[in-house]
Each structure stands twice: as C-alpha cells, then as structure tokens.
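Colleague: Next one to model:
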Amino acid sequence: MKHSRSLAQPTAAVSGAAATAAVSAADDTGAFGHFLEQVRYEGAYPTRERAEEAVRHVLAALGGQIGGAERADLAACLPGPAARLLTRARPAAQPLSGWEFVQELTARTGGSPATTRWEVGAVLHVVARGAGRELLDRVLRSLPTGYALLFGRSELVGRDDLASAA
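Modeller: Numbering: from 1, shown residues only. All right, here's what the predicted structure looks like:
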C-alpha cells in the first residue's frame, strides 16, 4: 500500500502542474482575447479574426525592429501570444524608419499603404496603452524616426529633447 501511495504522489504533482498550466493558458487566452477586442475596436475591424491577422503581421514585423531590453519589456506588457509574436521575430537586416516599416509591411502582406498604415496604427495604439509612457518613450528612443505617430504620439520633440525630458 505504501508503494502505491508513492507512485500516486508524482501523478498528483503532474496533475497539479497540468492544472496550473491549464489555468495559466486560460488566463492567457482571456487576456489575448481582450487585447484582440481592443484592436478590433481601435481598427474598426468587422471580425476578431481580422483583428488577429493585423496583430500577427504588425507585432512580428515590429519585433524585428526593436531589440534588447526594450523588446523584452514591451513583450512583458502584452498577453502571451502577442508577446511571443514580438519576441520570436528575427532581427531586421537594417533599421527602418516608420514610413519604411509601413512600406515593407505593405509589400509583405499585399495590402495598400493606407490599409497597412491603418492596421499598424490600430495595433500599436493598443500596445502603447499597455506599455505606458515611460516604456513607450524608451521604445521610441530605440527606433528610427517616424514611429511615434504609428504609436499614436506626436513626434514634434527632437530625439535629444525627448531623452533629456525623461
């Protein structure tokens, strides 16, 4: 009987770990669903699937432009599936300005520049709200010019002024 009990304990531990993982996955799915609904609202998308498509394209492309601590910190503000899109992206061969970013994403997705700009803005506005001002300032300082508008911020302040204001 004692032997059976010791065999049952690891099974209970695995079941507990599996249950914890299932709860975590459910929380992650709920947070991602909320994130998608925010993007759907921001972008006026007719379906959640369309919002998810925009999220996949934009975050995968953005992940290639942001590196280091800024990418990790920004990913920490996102629900799991969105964070993975950002962090799994390969680094870009060269940094792109905000407009070049939109142009490259347009070429990749086959959309129009106006539609792509709309998608980028819809996704990055939601990302910006989750990131907060301090982190967004750091992210913008790490990127070439032109990204502030994509995140819903003005870029009237010079980069040196932005750094000294922080």
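
Colleague: next one: phi and psi at Gly67?
Modeller: The phi/psi pair for Gly67 (degrees, to the nearest 10) reads phi -130, psi 180.

Colleague: dump the residue contacts of it.
Modeller: 91, 142 (CB atoms under 8 Å, 6 or more residues apart in numbering). In this view, the C-beta of every residue, glycine as well, is placed from N, C-alpha and C.

Colleague: For Glu37, see how far away it is.
Modeller: Distance from Gly67 to Glu37, counting by CB to CB, to the nearest Å: 29 Å.

Colleague: what's the answer for Glu49, then?
Modeller: When Glu49 is compared with Glu37 (using CB to CB), they lie 12 Å apart.

Colleague: before we move on, what about His57?
Modeller: Counting by CB to CB, the gap from His57 to Glu37 is 18 Å.

Colleague: Among the two, which residue is more densely surrounded?
Modeller: Neighbours were counted for His57 and for Glu37 using other CB atoms under 10 Å; His57 has more, 19 against 14.

Colleague: mind listing what that one touches?
Modeller: Going by CB under 8 Å, 6+ apart, His57 touches 105, 108-109, 119.

Colleague: And the helix or strand Ala107 falls within, what does it pack against?
Modeller: Here Ala107, judged by DSSP states H and E, is contained in helix 98-109. For helix 98-109, the elements it packs on are helix 48-65, helix 113-131, helix 147-150, judged by 3 or more CB pairs under 8 Å, 6 or more residues apart in numbering; DSSP states H and E.

Colleague: What are the buried residues along that helix?
Modeller: 98-99, 101-102, 104-106, 109 (16 or more other CB atoms under 10 Å).

Colleague: And stretch 122-140, by the same measure?
Modeller: Using 16+ other CB under 10 Å as the test for burial, stretch 122-140 gives 122-128, 130-131, 135-140.

Colleague: which one among the buried residues of helix 98-109 gets closest to Tyr147?
Modeller: For the buried residues of helix 98-109, the minimum distance to Tyr147 (CB to CB) is 4.5 Å, reached by Gly98.

Colleague: Which per-residue confidence value corresponds to the closest one?
Modeller: Per-residue confidence (pLDDT) for Gly98: 97.

Colleague: Over to the one 10 residues further on?
Modeller: At Arg108, the model reports a pLDDT of 95.

Colleague: how far away is it from Leu135?
Modeller: Distance from Arg108 to Leu135, by CB to CB: 26 Å.

Colleague: same check, this time on Gly63
Modeller: 15 Å.
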